[in-house]
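# pasting the structure only:
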């Protein structure tokens, strides 16, 4: 029997449950990654995200080379690939659980294809600490729908099962050698891509474990105070690594609770202490798991509001305003700066994501799904569960959603989270000369000043495409009438 480790969003050798899970150390595995043709053919896949994936595969292969092995990379449809392989040899496959509707359909198709063979596939929980199979339920026995309840249940379960964070394996004993893998590829006619070919589109990325160590040692203590400031380099920048699993959630959680101490469940005790930042960051990790839990239990949220009544909300379909929003030309500097950050870096600060989402849904009255799709096309760290959950939170349609009457005032958000205007000036160079007094609301600048600094609104930078106060009232009325 040939034993395959099918890598997906778990592109690491360290703290990998698929390796910890393997019980027979005499059985060595063949590492493989399938570039899914069904994904590659989609138009909404960010080129930057694919290039980052290639970088992760190159890094994974380098780590395998260090122990004498190598990664097989093939392109194809997984259900066809595995069924064809099973017709030639008996195979055993280990893979990490995935929770999106697409992923579950893919995995069910693979299982179905192996049904009449002697081959097997087993899915291991590897990218979250707990999922719906771990018994996280509400008092009625159903799925939890409220984050606070999920967080409490998650923490309580972790306290009673700290062993879930432990790993015990020797990586050197896990995989077949490069030479053995090459022979198997020849025997089974597996056409593995040359890893060097992937380098044409990849880009250098730092070791995520070093990124985490730097953040943990230097920034996490102030995370609670600084995380919302757009002009601070205060976030972990690990979102893309968590998306592709190049760093383990288990390691991050373990480091956090080790720092918080044995009573980590009692989160309130950390308020206004030097551990508050750690507690808040751990909460963000739990939010990430909550959104995966929601998507797993309620897959329909991928296509519709979690709160069904909001299917009836009245949306505008103004493609002109939507295009201006996408390009960062709304006339609201903080919105435009955030969108330009997204367009140039394929990443956006989480505070920025909330600001631009609120503006799209509540000021332009455009369906959150339009924005969700645009983020999918751009973000390197795009993750369906987190992206969908975040958009529905802001739109007021999701679980634990912001109340419909919570509408972000872009100018006030700007003053609060970019007080010196440095973030705005970085991404909107055409208004760098605007004085701080007006940088958040340039439409208030007197014409004489506009002429003096050569920033004419409507010419050098747009006038606001909507009046926030007016659109706020329209949004409140539409939501209230549901």
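Received the coordinates, thanks. The structure presented is a predicted model; accordingly, all values stated were derived computationally and were not measured.
# remind me which residues of the stretch 1-150 of the chain are low pLDDT?
22-25 (pLDDT under 70).
# Tell me where it has strands.
Using DSSP state E, counting those that start in this stretch, the strands assigned to the stretch 1-150 of the chain run over residues 2-7, 30-36, 72-76, 91-96, 120-124.
# Can you pull up the most central residue in this protein?
residue 383 (3.9 Å; C-alpha atoms, centre = their mean).
# Same list (the strands of the stretch 1-150 of the chain) but as JSON lines, adding distance to residue 284 and mean neighbour count.
The C-beta positions use only the backbone N, C-alpha and C, and glycine is treated the same way. Formatted as JSON lines, these follow (distance: least, C-beta to C-beta, whole Å; neighbours: other C-beta atoms under 10 Å):
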{"stretch": "strand 2-7", "distance to residue 284": "25", "mean neighbour count": "22"}
{"stretch": "strand 30-36", "distance to residue 284": "28", "mean neighbour count": "20"}
{"stretch": "strand 72-76", "distance to residue 284": "32", "mean neighbour count": "18"}
{"stretch": "strand 91-96", "distance to residue 284": "21", "mean neighbour count": "21"}
{"stretch": "strand 120-124", "distance to residue 284": "24", "mean neighbour count": "15"}
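# Any chance of a markdown table for these, columns distance to residue 374?
Output for the strands of the stretch 1-150 of the chain, formatted as a markdown table (distance: least, C-beta to C-beta, whole Å):
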| stretch | distance to residue 374 |
| --- | --- |
| strand 2-7 | 29 |
| strand 30-36 | 22 |
| strand 72-76 | 27 |
| strand 91-96 | 28 |
| strand 120-124 | 32 |
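# Residue 455 is nearest to which of those strands?
strand 30-36 (47.2 Å; C-beta to C-beta).
# Mind listing the residues bridging to residue 74?
residue 34 (DSSP bridges).
# That one against residue 31, yeah?
No: contact between residue 74 and residue 31 fails when scored by C-beta atoms under 8 Å: they sit 11.8 Å apart.
# average pLDDT across the helix or strand hosting residue 376?
Element membership for residue 376, per DSSP states H and E: helix 368-378. Model confidence over helix 368-378, given as mean pLDDT, is 97.
# other SSEs contacting that helix?
Contacts defined by 3 or more C-beta pairs under 8 Å, 6 or more residues apart in numbering; DSSP states H and E place helix 368-378 against helix 319-327, helix 333-345, helix 350-358, helix 384-395.
# which parts of it are buried?
Using 16 or more other C-beta atoms under 10 Å as the test for burial, helix 368-378 gives 368-372, 374-378.
# domain assignment for this structure?
Following automatic domain parsing, one gets these domains for the chain: 1-126, 128-167+209-297, 309-480.
# Of those domains, which is nearest residue 198?
Closest among these, using C-beta to C-beta: domain 1-126, at 4.1 Å.
# What's the end-to-end length of that closest one?
End-to-end span of domain 1-126 (C-alpha to C-alpha, to the nearest Å): 24 Å.
# i'd like the first residue to be 98 from this point on
OK, 98 is where the count begins now, so the last one is domain 98-223.
# Centre of the chain to it, how far?
20 Å (C-alpha atoms, centre = their mean, to the nearest Å).
# hang on, the earlier thing: quick one, which of the strands of the stretch 98-247 of the chain is nearest to residue 539?
The nearest among the strands of the stretch 98-247 of the chain, by C-beta to C-beta, is strand 127-133 at 45.9 Å.
# quick one, that closest one and strand 99-104 angle?
Interaxial angle of strand 127-133 relative to strand 99-104 (axes from the mean of the first three to the mean of the last three C-alpha atoms, to 10 degrees): 50 degrees.
# hmm, who's touching strand 127-133?
Under the criterion C-beta atoms under 8 Å, 6 or more residues apart in numbering, residues 99-105, 108, 154, 157, 161, 166-175, 178, 203, 272-273, 278, 281, 290 lie in contact with strand 127-133.
# for stretch 349-368, same thing?
226, 252-253, 255-256, 259, 262, 309, 313, 335, 372-373, 375-376, 378-380, 382.
# and if you look at stretch 371-390?
196, 224-229, 233, 240-241, 244, 247-248, 251-252, 317-322, 324, 333, 339, 346, 349-350, 353-354, 356-357, 361, 364, 367, 480, 482-483, 485-487.
# Name only those of those residues that count as buried.
Applying 16+ other C-beta under 10 Å to those flags 196, 224-229, 233, 240-241, 244, 247-248, 251-252, 317-318, 320-321, 324, 333, 339, 346, 349-350, 353-354, 356-357, 361, 364, 367, 480, 482-483, 485-487 as buried.
# Out of the strands of the stretch 98-247 of the chain, the one nearest residue 574 is which?
It is, among these and with distance given as C-beta to C-beta, strand 127-133, at 44.6 Å.
# any idea which element the residue nearest to residue 430 when sequence neighbours are not counted lies in?
Leaving aside its chain neighbours, residue 430 sits nearest to residue 521 (4.6 Å; criterion: C-beta to C-beta, 6 or more residues apart in numbering). Following DSSP H and E, one finds residue 521 within helix 519-524.
# pLDDT of that helix, averaged?
98.
# And it, what's buried?
Here helix 519-524 shows 520-522, 524 as buried, counting by 16+ other C-beta under 10 Å.
# contacting residues for the closest residue to the residue nearest to the centre of the chain other than its chain neighbours?
Leaving aside its chain neighbours, residue 480 sits nearest to residue 340 (4.9 Å; criterion: C-beta to C-beta, 6+ apart). Neighbouring residues of residue 340 by C-beta under 8 Å, 6+ apart: 106, 477-480.
# picking up where we left off before, list the buried residues in the helix or strand just after the helix holding residue 521.
Later in the chain than helix 519-524, the nearest helix or strand by DSSP H and E is helix 533-536. For helix 533-536, the neighbour count (16+ other C-beta under 10 Å) marks 535-536 as buried.
# Run a quick neighbour tally on residue 271.
Using other C-beta atoms under 10 Å, the number of residues around residue 271 comes to 21.
# Same check on residue 355?
Residue 355 has 12 neighbouring residues, counting by other C-beta under 10 Å.
# ok, now residue 562?
Other residues close to residue 562 by other C-beta under 10 Å number 18.
# Read off the pLDDT value for the closest residue to residue 435 other than its chain neighbours.
Distances taken as C-beta to C-beta, 6+ apart put residue 449 closest to residue 435, at 3.5 Å, once the chain neighbours are dropped. What the model reports for residue 449 is a pLDDT of 98.
# from the chain's centre, how far out does the helix or strand hosting residue 282 sit?
Residue 282 belongs to helix 275-285 when elements are defined using DSSP H and E. Counting by C-alpha atoms, centre = their mean, helix 275-285 is centred 35 Å from the centre of its parent chain.
# Skipping adjacent residues, who's closest to residue 465 in space?
residue 492 is the one closest to residue 465 (C-beta to C-beta, 6+ apart), at 3.8 Å.
# so where do the helices sit in the stretch 198-347 of the chain?
198-210, 244-257, 275-285, 292-295, 305-315, 320-323, 336-341, 346-357 (DSSP state H, counting those that start in this stretch).
# and those helices, which is most packed in?
helix 336-341 (a mean of 22; mean count of other C-beta atoms under 10 Å).
# Could you pull up the mean pLDDT of it?
pLDDT averaged over helix 336-341 gives 97.
# dump the residue contacts of the residue nearest to residue 435.
Applying C-beta under 8 Å, 6+ apart to residue 449 gives the contacts 327, 431, 434-435, 438-439.
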